[in-house]
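Asker: need a structure here:
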Amino acid sequence: MYDLDEPRGLVMIYIVVGLVTSAIALVANQFIGKTVIIDQGDRLVRSYSAKPVQILLFAFISAIYIVLAGIRYQVGTDYTTYLKFQIPKALGLVHRSGYNVEFLYQKLIEIGGYFGSYQLIFLLTHILIIVFCFMYIWTRSTNYALSLYIFMFSTFFNFSLNGMRQAIATTIFLFATQYIVQRAPLKYFFWIFIAILFHKSGVLYLLFYFLRFVRLKYLRFYFLPLLVAAPVVIVNSDWINSILYWLSLKLGFYSRFFGSTYDGNNLFNSFNLIWIMVNLFLLFLIIFFNQRSYWTHTPNGDNFDNSFNLDINIQVIATLFSLLSFAIPGSFRVIYLFIPIQMTLVPNLVTKIREREMRLVVTCGILFMYALLFFIIIIVWHYNVTLPYQTIFSH
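Answerer: As a prediction, the model looks like this:
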């Protein structure tokens, strides 16, 4: 557990930033419904009458997060790993096995090396993460404030301070999801190829394009079996773990993680359990409140129902993975490949609730759920080691 006796500002900085940026995004919300939709044949696009205001607000919010991440010092589990091993190796300053990085991140490191600043590498990393993530939110969310709230309190931002290359790949994927909805495979696969060049986990996203062909019309019939399967899978996780280990040996991939500190750790098991509960709860909300929306298009003009259906499909994958997470070493990292879709799934789900009072109740419940999630994972469990927050100016 994190020591709450540390200076209060070091504990509160993420909370304050999350709440302040969400409040600023409330202003941006006022311009979502006022954009003018223009028919361009096979798809609709928005006019740019409100764009300058939205750009200004998102640029300001982006700057807050980029600075917060860019000036940090010894924040995040992998901060020291990058500083002492991965960055020096990429620059040819040390020679040892492991600690390799992908091609585009190698180039990003070389930019930092050219200017003689390792800290610049961390800054550039989060410029990419924040820009791609916020472009995704801007184009696909119907409630910017709630999206920004989930960005912070789902713990994805804190994770990005640790799993930096994976976070870049994930945010590029999130940005590229609009091309799945638009049925533009060349654009989608181009961006996923870019994501892979930052982190190899992006390979998984190649298959996600085909989710546009899947429509889970009978999701309610799958929910009860998933609910029943949860304890069954957890109880038999050792047996499933053995099968996966055998497969990894046959494929020659991932086997080194089995039996390591990433396998069967009690803290990681608790982490997996809490995400199972969150994911099942969100599926329940989808089933109960998936009504016909007043929205016909997302802010960038894409079909709202198609966009929402894609998010549901990815959330189902996140739920299925979380059920298997007890048997998969390192699943506490892999889950972050899927759960960030909640930044648009949840806000767009809330807008589908027609009764004002019920919409308020559900929104408050969601806000409380993510606040509790953040408190447990970041403050109590100290996951990702992002507390205490320190800056380069204090050292």
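
Asker: Can you show me the strands along this structure?
Answerer: Taking DSSP state E, the strands of the chain run over residues 37-39, 44-46.

Asker: so what's Trp275 scoring on pLDDT?
Answerer: Trp275 carries a pLDDT score of 92 in this model.

Asker: neighbours around the residue lying closest to it once chain neighbours are set aside, how many?
Answerer: The spatial neighbour of Trp275 that comes closest, neighbours along the chain excluded (Cβ to Cβ, 6 or more residues apart in numbering), is Ser322 at 4.8 Å. Using the backbone N, CA and C atoms, a C-beta is placed for each residue, glycine as well. Counted with other Cβ atoms under 10 Å, the neighbours of Ser322 add up to 26.

Asker: list the contacts for Ser322?
Answerer: Listed by Cβ atoms under 8 Å, 6 or more residues apart in numbering, the contact partners of Ser322 are 272, 275-276, 279, 335.

Asker: of the residues you listed, closest to Met358?
Answerer: Of all the contacts of Ser322, Met358 sits closest to Asn279, with 21.8 Å by Cβ to Cβ.

Asker: list the contacts for Pro185?
Answerer: Applying Cβ under 8 Å, 6+ apart to Pro185 gives the contacts 179, 209.

Asker: do His395 as well
Answerer: Shown in contact with His395 (Cβ under 8 Å, 6+ apart): 73-74.

Asker: ok, and the closest non-adjacent residue to the spatially most central residue of the chain?
Answerer: Centroid check for the chain by Cα atoms, centre = their mean gives Pro340 as the closest residue, at 2.8 Å. Leaving aside its sequence neighbours, Pro340 sits nearest to Phe156 (Cβ to Cβ, 6+ apart; 5.2 Å).

Asker: Please verify my assumption that that neighbour contacts Ile335.
Answerer: No: judged on Cβ atoms under 8 Å, Phe156 makes no contact with Ile335 at a distance of 10.5 Å.

Asker: just to revisit the earlier point, among the contacts of Ser322, which one sits closest to Val75?
Answerer: Ile335 (21.2 Å).

Asker: okay, now the closest one: neighbour count?
Answerer: Close neighbours of Ile335, defined as other Cβ under 10 Å, add up to 21.

Asker: next one: the one 10 residues further on
Answerer: Other residues lying near Leu345 total 26 when counted by other Cβ under 10 Å.

Asker: quick one: it and Ile376, what's the gap?
Answerer: 21 Å (Cβ to Cβ, to the nearest Å).

Asker: How about His95?
Answerer: 41 Å.

Asker: Looking at these two, which one has more neighbours?
Answerer: The neighbour count for His95 versus Ile376, taken as other Cβ under 10 Å, is higher for Ile376 (15 against 7).

Asker: residue contacts, that one?
Answerer: Going by Cβ under 8 Å, 6+ apart, Ile376 touches Ile274.

Asker: about what we covered before: pull the contacting residues for the residue nearest to the centre of the chain.
Answerer: Contacts for Pro340 (Cβ under 8 Å, 6+ apart) come out as 133, 154, 156, 170-171, 174.

Asker: The same query, at a cut-off of 6 Å, please.
Answerer: By Cβ atoms under 6 Å, 6 or more residues apart in numbering, Pro340 lies in contact with 156, 170, 174.

Asker: now Val131
Answerer: Val131 makes no contacts at all, as judged by Cβ under 6 Å, 6+ apart.

Asker: Now with 8 Å, please.
Answerer: Listed by Cβ under 8 Å, 6+ apart, the contact set of Val131 reads Ser62.

Asker: Residue ranges in the stretch 101-250 of the chain under the pLDDT threshold?
Answerer: 217-250 (pLDDT under 70).

Asker: Correct me if wrong: Tyr118 contacts Gly112.
Answerer: Yes: counting by Cβ under 8 Å, Tyr118 touches Gly112, with 6.0 Å between them.

Asker: Give the intersection of the neighbour lists for those two.
Answerer: With Cβ under 8 Å, 6+ apart as the test, Tyr118 and Gly112 both reach Ile87.

Asker: More neighbours: which of the two?
Answerer: Higher neighbour count among Tyr118 and Gly112: Gly112, with 20 against 15, using other Cβ under 10 Å.

Asker: Now the more buried one. Nearest residue, chain neighbours left out?
Answerer: Sequence neighbours aside, Ile121 is the residue nearest to Gly112 in space, at 3.7 Å (criterion: Cβ to Cβ, 6+ apart).

Asker: quick one: contacts for the one you found?
Answerer: Neighbour list for Ile121: 82, 87, 108-109, 111-112 [criterion: Cβ under 8 Å, 6+ apart].

Asker: 10 Å instead, please
Answerer: Applying Cβ atoms under 10 Å, 6 or more residues apart in numbering to Ile121 gives the contacts 70, 82-83, 86-87, 90, 105, 108-113, 115, 164.

Asker: Could you do Asn384 as well?
Answerer: 75-78, 155, 157-163, 332-333, 377-378.

Asker: Let me know the closest of those to Ile15.
Answerer: Nearest to Ile15, judged by Cβ to Cβ, of the contacts of Asn384 is Ile378 at 9.4 Å.

Asker: My guess is the closest one contacts Tyr370. True?
Answerer: No: counting by Cβ atoms under 10 Å, Ile378 does not reach Tyr370; the two are 11.4 Å apart.

Asker: Show the buried residues in the contacts of Ile121.
Answerer: Buried members of the contacts of Ile121, counted by 16 or more other Cβ atoms under 10 Å: 70, 82-83, 86-87, 90, 105, 108-109, 112-113, 164.

Asker: separation between Trp191 and Ile168?
Answerer: Between Trp191 and Ile168 the distance is 12 Å, computed by Cβ to Cβ.

Asker: neighbour count winner among those two?
Answerer: Of the pair Trp191 and Ile168, Ile168 is the one with more neighbours under other Cβ under 10 Å, namely 27 against 20.

Asker: From the contacts of Ile121, which land in helices?
Answerer: Of the positions in the contacts of Ile121, 70, 87, 90, 105, 108-113, 164 sit in helices, assigned by DSSP state H.

Asker: can you put these in TSV and add distance to Arg354?
Answerer: Output for the ones in helices among the contacts of Ile121, formatted as TSV (distance: Cβ to Cβ, whole Å):
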residue	distance to Arg354
Gly70	42
Ile87	52
Ala90	53
Tyr105	46
Leu108	46
Ile109	50
Glu110	53
Ile111	50
Gly112	51
Gly113	55
Met164	41
